[in-house]
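J.: pasting a predicted model and its sequence here:
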Amino acid sequence: MDECVFCKIARGDIPAEFVHKDEAVFVIRDLNPQAPTHLLIVPVRHVESAADVNDPEIWSSIMGRAVETARRLGLDKEGFRMVINTGAQGGQTVPHIHLHLMSGRNFGWPPG
Ligand code: AMP
Ligand code: ZN
């Protein structure tokens with residue numbers, strides 16, 4: 001956890017642009033946005049990936065916060081996409097579970 005970038009952001013050791021923060025979950029702007037709005041919803045507790053979640057509270061906190069954030073920012077008007085990349089083939093590059101909330105353009109299907 002010492003070297004984990006999202007744990008460092010949670011502790012305030014490296015800066016991020018926060019959209020929300022509470023004791024369970026935080027929302028930041030992605031450093032390398034792939035859409036006009038690209039947010040990361042991250043549990044404070046370090047869990048490596050979706051495949052490692054054992055406590056359903058993690059799901060309710062990140063999914064609940066993602067939808068609340070989408071509504072609060074008005075992203076629900078045109079629509080949005082939520083993605084959790086998981087593991088190497090799933091495209092996960094930061095090994096601390098996070099949900100991508102993206103909006104502001106059309107998203108293709110199937111995803112690349
Ligand atoms: P993933 O590839 O699904 O693991 O997503 C990791 C995301 O974290 C990528 O979209 C990165 O751009 C983003 N990211 C990495 N480091 C930071 C950081 N310090 N602040 C904000 N976003 C970051
Ligand atoms: Zn972490």
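T.: Arrived safely. Ligands and ions are numbered 1, 2, ... in the order given.
J.: this protein: strands as residue ranges?
T.: Using DSSP state E, the strands of the chain run over 18-21, 25-29, 37-43, 80-83, 99-103.
J.: of all those, which lies closest to A10?
T.: Ranking those by distance to A10, with Cβ to Cβ as the measure, places strand 25-29 first at 6.4 Å. Yep, even glycine has a C-beta here, placed from its N, CA and C like the rest.
J.: does any bit of the closest one sit next to ligand 1?
T.: Yes: counting by Cβ under 6 Å from any ligand atom, ligand 1 is contacted by strand 25-29 at I28.
J.: circling back to that earlier point, kindly reformat the strands of the chain as JSON lines and extend each row with distance to P56, mean neighbour count and mean pLDDT.
T.: What follows is these, written out as JSON lines (distance: least, Cβ to Cβ, whole Å; neighbours: other Cβ atoms under 10 Å; pLDDT from 0 to 100):
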{"stretch": "strand 18-21", "distance to P56": "21", "mean neighbour count": "15", "mean pLDDT": "98"}
{"stretch": "strand 25-29", "distance to P56": "14", "mean neighbour count": "20", "mean pLDDT": "98"}
{"stretch": "strand 37-43", "distance to P56": "12", "mean neighbour count": "23", "mean pLDDT": "98"}
{"stretch": "strand 80-83", "distance to P56": "17", "mean neighbour count": "18", "mean pLDDT": "98"}
{"stretch": "strand 99-103", "distance to P56": "15", "mean neighbour count": "21", "mean pLDDT": "98"}
